[in-house]
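Trainee: here is the input, now give the coordinates:
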Amino acid sequence: LQDPSNQKSGRKKTVSFSSMPSEKKISSASDCISFMQAGCELKKVRPGSRIYSRFFTLDPDLQALHWEPSKKDLDKAKLDVSAIKEVRVGKNTETFRNNGLAEHICEDSAFSVIHGENYDSLDLVANSADVANIWVTGLQYLISHSKQTLDLIEGNQNTQRFLWLSSVFEAADVDGYGIVLEDTAVELIKQLSPGIKESKVRLKYKEIQKSKEKLTTRVTKEEFCEAYSELCTRPEVYFLLVQISKNKEYLDVKDLMLFLEAEQGMAHITEEMCMDIIQRYEPSQEGQLKGFLGIDGFTQYLLSTECDIFDPEHKNVCHDMTQPLSHYYINASHNTYLIEDQFRGPADINGYVRALKMGCRSIELDVCDGPDSEPIICNRNSMAPPIAFRTVVEVVNKYAFIASEYPLILCLGYHCSVEQQRIIVQHMKKIFGSKLFTELPTPMQFYLPSPENMKRKIIVKGKKLPPDNDSSEGEVTDEDEEAEMSRRMADEYFSEQKFIKICRGLSDLVSVCKSVQFKDFDTSMKTQKYWEMCSFNETDASRLASMYPEDFVNYNKKFLSRIYPSPMRIDSSNVNPQDFWNCGCQLVAMNYQTPGSMMDLNIGWFLQNGGCGYVLRPSVMRDEVSYFSANTKGIVPGVSPLVLHIKIISGHNFPKPKGACAKGDVIDPYVCVEIHGIPADCAEQRTKTVPQNGDNPIFDESFEFQINLPELAQVRFVVLDDDYIGDEFIGQYTIPYECLQPGYRHVPLLSFVGELIEHSTLFVHIAVTNRRGGGKAQKRGLSVRKGKKAREYTTLRNTGIKTVDDIFKLAVHPLREAADIKENMQNAIVCFKEMCGLPPIANLKQCIMTLSSRLLSNDNTPTVTLSMKDNYPYLEPQGALPDVQKKVFAAYDLMIQESRSLIETAENTYGKIIQCQKAGMELHEDLENLGAKEGLKGRKLSKAIESFAWNITVIKGQGDLLKNAKNEALENMKQIQLACLSCGLSKTGSEAMETKAKRGLDVIKEKKAGEDNKMV
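Mentor: Numbers count the residues shown, from 1 in each chain. From the prediction side, this is the model:
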């Protein structure tokens, strides 16, 4: 993927023209209703492929919706508000699902009005998502407040906010005259809404005063409150608040609790935690006393670090750090001493300080002979002044373990005499002392020590004298990168191999990172020692990755490999590290002094695992017997693909691009979402352009990305200014997929050089289907429905070795059985969500909450109740149900039935799968002999071994997926039961029923823990 800031070709540009009047923002239910009364064009969707444009209005007394033109009489082309049952967002009715043009309709602009006893639907599409939000919010408000007139709504709105703003104003009105200077009123709004432009505030005051035909430099309390409400109410946040508060203009403790659990995916939320959030973020005293979170407090909460997109679990070390060093990606720097490009750049001590502070765990020291017998660090391709080696070592010693306590690798380049090498040894021993890792590897071991075992140790990577050389010095081959560049520039690339002399002391400092020359994979796998490592020029590494992707991955399971940029990158530009991470290469050396999209990927990647500079690779790239190809363009064996849903809702306080001057202060922003990972996952989509709005552009666009190997995927959000001359970079944020938090999140933006842009954010919604986050906030689990005939089963490969193939044949049936029970459960869940009128990204708690509102009789008692049968949450009707609801309950019963089937059969199926895996692994050591007996040799034998690894990967992966599906099913049962209890679907007045239900909940928890232990 190329950096969007540099590439504009290939992207179709579209512009978003909002239907909402730009001078009037929606900040209350009254604004929504006024808009509806004025009316606007909506598209009416009918079954088949019929779509009609109609002009819809809400009548003045708020009693009915009208539309025209219509073949019906005017008094019949209407829908009474009293007949409306609910309002659904998105394309979630049978009409939408069966309309031939539905795929061309924007999900965010569609909504349906469900009405009448038969739950008929009036399916509509607005010209934009914000217009759809106005109608949805206004209609939901009318349903809940049907007896109130517009005047009543206006009289009651924002009382909590008005009292708070009044107190803020009165504190500034020291004279008590009810009026303050315009400068004071401007500062008040700037304090309450950091990041807002002063010119915008002043203009708003002038607009308000002009509408009242007055011109003054003083502002009244009413004018201040009006200006604040219009400037600082974010419509998209207001719509969200009304939706989750069940059409109030504040959240109470229970509303907030359900929002955090059902939408944000948080677990173990209590009322006390919610009250604490309200106390910390609600600005009004009244709200704090009553436990109400108003629009301003809710906005501040969403902007806080508590709603950051980055999962706080990954801000600390959370990976297993006891694996061999070769099982980790390691943050590496190239030419660390440079702060500019490699030809003009001087050597600078700040290069080391910057890299180490950023968590870099591999730095370079190119040492040359210096004056007065003191070695120096220098760029030999530049005439710039060098720095003393001793100074660098002192700085490295000071900063080595500030950002991370895990081992630091020093890549030493020797370009100095033996005499000065001895000085190098003296300085390193004296300054580093016991931090130097010099333990000799033992032939009894097969892998490198772990980062945990080498905490706060400095590892020297370099050349080492042969074991048979016991003299004080000797010759070794020279694979010097700078020398390679010089040879290339002088057309001497194919000159003879050069040798250098090194002293015994320097050789002895090298222990587990001995530099050796790479010949080919076959030679390395047979002769290379686990403590030896190779460095690859990016050109050679790219060739190997393209021609031998599986071999490269297998090589990196045991050995460290380091990739460095081509010497032809004279501008010190960076390689795409993802290309080499996909092959398992641990150290991809980056030019830290060169910002841009490649450096963004590197910085973003190593944010995970506490920024310690080490990231554990996926198990499929670590397991001794496993198959993975870096060039895979489809599903990874043993890994279930996921769908990542990203909705770009809005942006805030985008700065003008640096250096842009042609358009003045006006920018036309759009957002590009990039997925980086294995080739099958790489994708890129962009929003429409919002013209002339950098302050609060509304995008409201949703995207879907299939992720086949989540552990290697990253998401990069890029904000650009649409310009015919060349799109200009505004800001970006790169985050590993594993660090994404679900729900409504704010994305901070970073400048081109990686600095945080203050108060500048993207507001997004994140959801993942067919996956749950392990050990963290729930990521919604659901896949697209597939019929049994359409299912694609992961196939096992024939090895050509009869004994082995006979064992793998025994796995075919349990693998299909596992796939079927997983798909059956997922299909049943999809069907239930559709019957609830919710999209696939909804979770089951949201389904029960939506369903419960339909299940209340006239006296507010539930028409169904929770009944725990064999510790499964069934729903029992308390009388006759309408046909529409019968269909919903049939879907619910099927979901419980399929979930129960999976839970109760998974252990047996899992046991069969694992038995086949064990039986196969028992033959692994003897695989070559068995192949030879079958007459396999050379390439055919290699292919048989590869097929064996493929099969083991599939079997192990499918077993893990089944185990995860069972845990998901148990979690679903628990969430359904909790939701039923919180929605009041237990028998009224029956404490015994509630106690029984809670006891069932405990049984589910115990069952889940017990089954986990059994399946492990």
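Trainee: can you pull out the strands in the stretch 401-550 of the chain?
Mentor: Using DSSP state E, counting those that start in this stretch, the strands of the stretch 401-550 of the chain run over 408-415, 458-462, 473-477, 499-503, 510-515, 532-537.
Trainee: got the contact list for the residue nearest the centre of the chain?
Mentor: Nearest to the geometric centre of the chain sits Leu740, at 3.0 Å (CA atoms, centre = their mean). If you count contacts by CB atoms under 8 Å, 6 or more residues apart in numbering, Leu740 has them with 309, 311, 644, 715, 766, 768, 779. (Glycine included, C-beta is placed from N, CA and C.)
Trainee: number of nearby residues for the second one?
Mentor: Spelled out, it's Asp311. 19 (other CB atoms under 10 Å).
Trainee: tell me the phi and psi of it?
Mentor: Dihedral pair for Asp311: phi -70, psi 120, per degrees, to the nearest 10.
Trainee: check what pLDDT it gets.
Mentor: We note a pLDDT of 95 for Asp311 in this prediction.
Trainee: that one contacts Tyr737, correct?
Mentor: No. Shown here, Asp311 and Tyr737 do not form a contact pair, counting by CB atoms under 8 Å, at 10.6 Å.
Trainee: which other helices and strands does the helix or strand harbouring Val812 contact?
Mentor: In this structure, Val812 is located in helix 802-836 according to DSSP states H and E. Helix 802-836 sits against helix 844-852, helix 883-922, helix 927-933, helix 939-982, with contacts defined as 3 or more CB pairs under 8 Å, 6 or more residues apart in numbering; DSSP states H and E.
Trainee: what would the ones you listed look like in TSV with mean pLDDT, mean neighbour count and distance to Asp130?
Mentor: Formatted as TSV, the helices and strands packed on helix 802-836 follow (pLDDT from 0 to 100; neighbours: other CB atoms under 10 Å; distance: least, CB to CB, whole Å):
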stretch	mean pLDDT	mean neighbour count	distance to Asp130
helix 844-852	86	22	23
helix 883-922	93	18	31
helix 927-933	92	15	62
helix 939-982	91	21	31
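Trainee: looking at those, spot the one closest to Tyr238.
Mentor: Tyr238 lies closest, by CB to CB, to one member of the helices and strands packed on helix 802-836: helix 844-852, at 20.4 Å.
Trainee: check which helices and strands that closest one sits against.
Mentor: Using 3+ CB pairs under 8 Å, 6+ apart, helix 844-852 is in contact with helix 802-836, helix 939-982.
Trainee: go again with 10 Å.
Mentor: Identification of packing neighbours for helix 844-852 by 3 or more CB pairs under 10 Å, 6 or more residues apart in numbering; DSSP states H and E yields helix 253-258, helix 802-836, strand 864-869, strand 872-877, helix 883-922, helix 939-982.
Trainee: so for Asn331, which of these sits nearest?
Mentor: helix 939-982 (28.0 Å).
Trainee: tilt between that closest one and strand 872-877?
Mentor: Angle between the axes of helix 939-982 and strand 872-877 is 50 degrees (criterion: axes from the mean of the first three to the mean of the last three CA atoms, to 10 degrees).
Trainee: quick one: name whatever helix or strand follows the lowest-mean-pLDDT helix or strand in the chain.
Mentor: Counting by mean pLDDT, DSSP states H and E, the weakest-scoring helix or strand in the chain turns out to be helix 150-156, with a mean of 47. As assigned by DSSP H and E, the chain's next helix or strand after helix 150-156 is helix 159-172.
Trainee: check which helices and strands that following helix sits against.
Mentor: strand 179-181, helix 182-192, strand 218-220, helix 221-232, helix 285-290, helix 295-303.
Trainee: tell me the contacts of the closest residue in space to Leu506 that isn't next to it in sequence?
Mentor: Excluding its sequence neighbours, the residue lying closest to Leu506 (CB to CB, 6 or more residues apart in numbering) is Gln421, at 4.8 Å. Counting by CB atoms under 10 Å, 6 or more residues apart in numbering, Gln421 makes contact with 367, 369, 375, 412, 414, 473, 500-507.
Trainee: try 8 Å this time
Mentor: Gln421 neighbours (CB under 8 Å, 6+ apart): 375, 414, 502-503, 505-506.
Trainee: can you give the domain ranges for this structure?
Mentor: As assigned by the TED database, the chain contains the domains 29-145, 160-232, 234-304, 325-621, 642-769, 802-988.
Trainee: minimum distance to Glu792: which of those domains has it?
Mentor: Nearest of those (CB to CB): domain 802-988, 9.0 Å.
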